[in-house]
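pasting the structure only:
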């Protein structure tokens, strides 16, 4: 039974590993796209910085006073922040699906598997001891019934 559960857990781990590899393959193109978008945003930001550095301070003040430029600048900043957040989320998703015994996720998974094995063994011991106690009580009941049946067949009055 223990070897069967070990093979089951090994099969589950293999399935989880295969699923995580498939998930990684699916997420890699998305990550690449997001990184490319982030690079483009960073390039645009650098271009804006270069443009703002090359202009005179009065011209810069005039541009910032222009509501259309200010709105555009704020929108670009928000978009850059969103791109960074999406990149971080995508990287977190990717790292969550990477499974190796040395990774944090792998260590937590292995610890949980050991805990479940321990609980299973405790439950099986509890079940076997409960079954033994039930059988002993049934045997004692059968013995008392046999004694009463003997007494009734021999003519003795049954004891209550």
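Yep, it's here. Given the structure is predicted, the values throughout are model-derived calculations rather than measurements. Residues are numbered from 1 along each chain as shown.

can you tell me the average pLDDT over stretch 3-21?
Averaged across stretch 3-21, pLDDT comes to 86.

which other helices and strands does the biggest helix by length in the chain contact?
Taking DSSP state H as the criterion, the chain has its longest helix at helix 2-54. On a contact count with 3 or more CB pairs under 8 Å, 6 or more residues apart in numbering; DSSP states H and E, helix 2-54 meets helix 67-97, helix 104-154. Backbone N, C-alpha and C define where each C-beta goes, glycine included.

report the angle between that helix and helix 67-97.
160 degrees (axes from the mean of the first three to the mean of the last three CA atoms, to 10 degrees).

between helix 2-54 and helix 104-154, how many degrees?
Going by the same axes, to 10 degrees, helix 2-54 makes 150 degrees with helix 104-154.

okay, and residue 102 sits in which element?
Residue 102 is part of no helix or strand, with elements assigned from DSSP states H and E.

what about it, neighbour count?
6 (other CB atoms under 10 Å).

heads up, I number from 715, so please use that
Okay, residue one is now 715; in that scheme the one you just asked about reads as residue 816.

so it versus residue 739, what's the distance?
For residue 816, the distance to residue 739 equals 21 Å [CB to CB, to the nearest Å].

the domain parsing of this structure - what is it?
715-813, 814-869 (automatic domain parsing).

lowest-scoring secondary structure element of the protein by mean pLDDT?
The weakest-scoring helix or strand in the chain, judged by mean pLDDT, DSSP states H and E, is helix 771-779 (a mean of 64).

sketch out the low-pLDDT regions of the chain for me.
For the chain, residues meeting the criterion pLDDT under 70 lie at 715-716, 769-779, 812-815, 870-874.

at 80 what do you get?
For the chain, the stretches with pLDDT under 80 are 715-720, 765-783, 809-820, 840-845, 869-874.

contacts only, for the nearest residue to residue 749 once chain neighbours are set aside.
Closest residue in space to residue 749, ignoring its immediate chain neighbours: residue 801 at 6.6 Å, by CB to CB, 6 or more residues apart in numbering. Residues near residue 801 by CB atoms under 8 Å, 6 or more residues apart in numbering: 745, 748, 749, 752.

residue contacts, the last one?
In other words, residue 752. Here residue 752 is in contact with 797, 798, 801 (criterion: CB under 8 Å, 6+ apart).
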